[in-house]
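S.K.: got a structure for you, letters missing:
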């Protein structure tokens with residue numbers, strides 16, 4: 001089992017920045033691909049960014065490319081999402097998730113955090 005706990009969400013004005021953190025505990029963190037998903041009210045969950053265990057393979061949703069950066073610290077068992085130039089359409093609950101391999105599909109992720117709310121005001 002892997003336990004994931006997100007933090008860093010909040011209310012920010014458009015154009016502002018936030019950094020989300022996801023702390024992992026339990027089984028070894030390193031072999032997992034980590035990802036951030038988000039779900040806005042009335043919308044389906046979508047992947048925002050993912051990073052493989054070595055940090056060499058990154059993936060981003062088109063809507064966040066150039067604005068968001070995913071990174072991980074395998075010593076601290078933590079994955080981060082730096083979000084810059086935030087837009088109102090980025091408003092959602094953001095979830096951290098872990099999978100055994102690189103995937104953009106939520107069904108491939110075995111472990112999920114409880115989510116953290118990000119609200120961007122215009």
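M.R.: Perfect, I can see it now. Just so it is clear, the model here is predicted, and its values are computed rather than measured. Residues are numbered from 1 along each chain as shown.

S.K.: report the central residue of the protein.
M.R.: Central residue of the chain (Cα atoms, centre = their mean): residue 36, 2.2 Å from the mean position.

S.K.: where's that residue, which helix or strand?
M.R.: Here residue 36 sits within strand 33-39, counting by DSSP states H and E.

S.K.: what does that strand contact?
M.R.: Where contact means Cβ atoms under 8 Å, 6 or more residues apart in numbering, the residues beyond strand 33-39 that reach it are 20, 22, 24, 45-53, 70, 72, 79, 81, 90, 92-103, 106, 109, 118. Bear in mind the C-beta positions are built from the backbone N, C-alpha and C, glycine included.

S.K.: just the buried members of those residues?
M.R.: 20, 22, 24, 47-53, 70, 72, 79, 81, 90, 92-99, 103, 106, 109, 118 (16 or more other Cβ atoms under 10 Å).

S.K.: among the residues you listed, which lie within strands?
M.R.: Judged by DSSP state E, strands contain the following of the buried ones among the contacts of strand 33-39: 20, 22, 24, 47-51, 70, 72, 79, 81, 92-99, 109, 118.

S.K.: name the helix or strand of the protein that has the lowest mean pLDDT.
M.R.: Using mean pLDDT, DSSP states H and E, strand 58-60 stands out as the lowest-scoring helix or strand of the chain, at a mean of 85.

S.K.: can you give the contact residues for it?
M.R.: 47-52, 68, 70, 102, 104.

S.K.: what pairs with it, parallel or antiparallel?
M.R.: Applying DSSP bridges, strand 58-60 is found paired with strand 46-51 (antiparallel).

S.K.: can you give me how far the strand it pairs with is from the chain middle?
M.R.: With Cα atoms, centre = their mean, to the nearest Å as the basis, strand 46-51 stands 6 Å off its chain's centre.

S.K.: hmm, back to that, please state the offset of the strand holding residue 36 from the chain centre?
M.R.: Chain-centre distance of strand 33-39: 4 Å, with Cα atoms, centre = their mean.

S.K.: quick one, that strand and strand 46-51 angle?
M.R.: Put simply, strand 33-39 runs at 160 degrees to strand 46-51, going by axes from the mean of the first three to the mean of the last three Cα atoms, to 10 degrees.
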